[in-house]
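Trainee: Could you look at this predicted model? Sequence included:
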Amino acid sequence: MKSDGRRQGIMDFLMDTGTASVDDLASRFGVSKMTVHRDLDELEERGFLRKVRGGASIQPSSLFESDFRYRQRLAGDEKKRIAVAAVRMIEPGQTVIIDDGSTAGGVARHLADLRPLTVISNNLAVIQDLAGVAGINLIALGGQYSKKFHGFFGLLAEDTLKSLRADVAFLSSSAIHGASAFHQDQEVVQTKRLMMAAAARKYLLADHGKFGRTALHFLTDLKAFDMVFTGREPQPQMRAALDGAGVSLTVIAD
């Protein structure tokens, strides 16, 4: 197997397992451990995984956000509940921004009953879901495509957002610590902040696993959102911090 195919195979395996040891990967692909290390070095340099002691992981850390495909598989039922609740914040005829997150992206599947709508997004999954749908005026943000985030970022996306205004924005965050939202990637943070600036009302959609985590870059205080949606009641200490900061939290339980 050539190196490109083997590295894709490593990523496909990690999508199912989350983590893998060098020994397991060497055995699975019939190569030496040194070859696996070189593959992991290359994939880490490209931002697709992080090396850990004895192997590799695509699970998030404070410095590393998971691949979009991996995140899509997590907390699926909870994300669906959040999306169904969040879409009630939209009225026909409005302009809606949807960011690159897998939770916010789930809103796109529930927009057909609210047409006509204008939808602005850098999320390729959203763009693919809505392209050609009657009654949806779709504005796809240009820019540099990120395979890891399955979306578009950079100067072109940022310049376009600065020229647009919307009624509602749905955003996701990879980490919530105290009453603040964080993300590992500064370019993603910049795009999300511009989406917030372009919208009259802003909603954060975050599954329960995002709470109690932190990441390298501060995104915003949660009180900047009109409402934060999640699918499970935070632990009492976390809930107290949110209430104390004046965060409007809506829990969409089972």
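Mentor: That came in fine, so what should we check first?

Trainee: What residues sit buried inside stretch 43-59?
Mentor: Under the neighbour-count criterion of 16 or more other C-beta atoms under 10 Å, stretch 43-59 has 43, 47-50, 55-58 buried. C-beta: built from backbone N, CA, C; applies to glycine.

Trainee: so Val251 sits right up against Glu233, yeah?
Mentor: Yes - counting by C-beta atoms under 8 Å, Val251 touches Glu233, with 5.2 Å between them.

Trainee: Between the two, which is the more surrounded one?
Mentor: Counted by other C-beta atoms under 10 Å, Val251 and Glu233 do not tie: Val251 has more neighbours, with 16 against 12.

Trainee: what residue ranges in the protein are flagged as low confidence?
Mentor: 1 (pLDDT under 70).

Trainee: all helices for it, in order.
Mentor: Remark: helices assigned in the chain by DSSP state H are 3-17, 22-29, 33-45, 68-72, 76-86, 102-105, 124-130, 155-162, 186-198, 236-244.

Trainee: could you dump these to a markdown table with distance to Ile136?
Mentor: What follows is those, written out as a markdown table (distance: least, C-beta to C-beta, whole Å):
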| stretch | distance to Ile136 |
| --- | --- |
| helix 3-17 | 30 |
| helix 22-29 | 43 |
| helix 33-45 | 36 |
| helix 68-72 | 22 |
| helix 76-86 | 16 |
| helix 102-105 | 15 |
| helix 124-130 | 5 |
| helix 155-162 | 18 |
| helix 186-198 | 18 |
| helix 236-244 | 34 |
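
Trainee: Tell me which of those sits most buried.
Mentor: When you average the neighbours per residue for each of the helices of the chain (mean count of other C-beta atoms under 10 Å), helix 102-105 leads with a mean of 28.

Trainee: Contacts only, for Ser61.
Mentor: 50, 184 (C-beta atoms under 8 Å, 6 or more residues apart in numbering).

Trainee: Leaving out sequence neighbours, find the closest residue to the most centrally placed residue in the chain.
Mentor: Nearest to the mean C-alpha position of the chain, by C-alpha atoms, centre = their mean, lies Gly101 at 2.5 Å. The spatially closest residue to Gly101, leaving aside those adjacent along the chain, is Ser172, at 2.4 Å (C-beta to C-beta, 6 or more residues apart in numbering).

Trainee: One more: Arg28?
Mentor: Phe13 (6.8 Å).

Trainee: Val31 too?
Mentor: Arg6 is the one closest to Val31 (C-beta to C-beta, 6+ apart), at 7.0 Å.

Trainee: contacting residues for that neighbour?
Mentor: The contact partners of Arg6, by C-beta under 8 Å, 6+ apart, come to 29, 31, 39.

Trainee: So the last one is in contact with Gln8, correct?
Mentor: No - counting by C-beta under 8 Å, Asp39 does not reach Gln8; the two are 10.2 Å apart.
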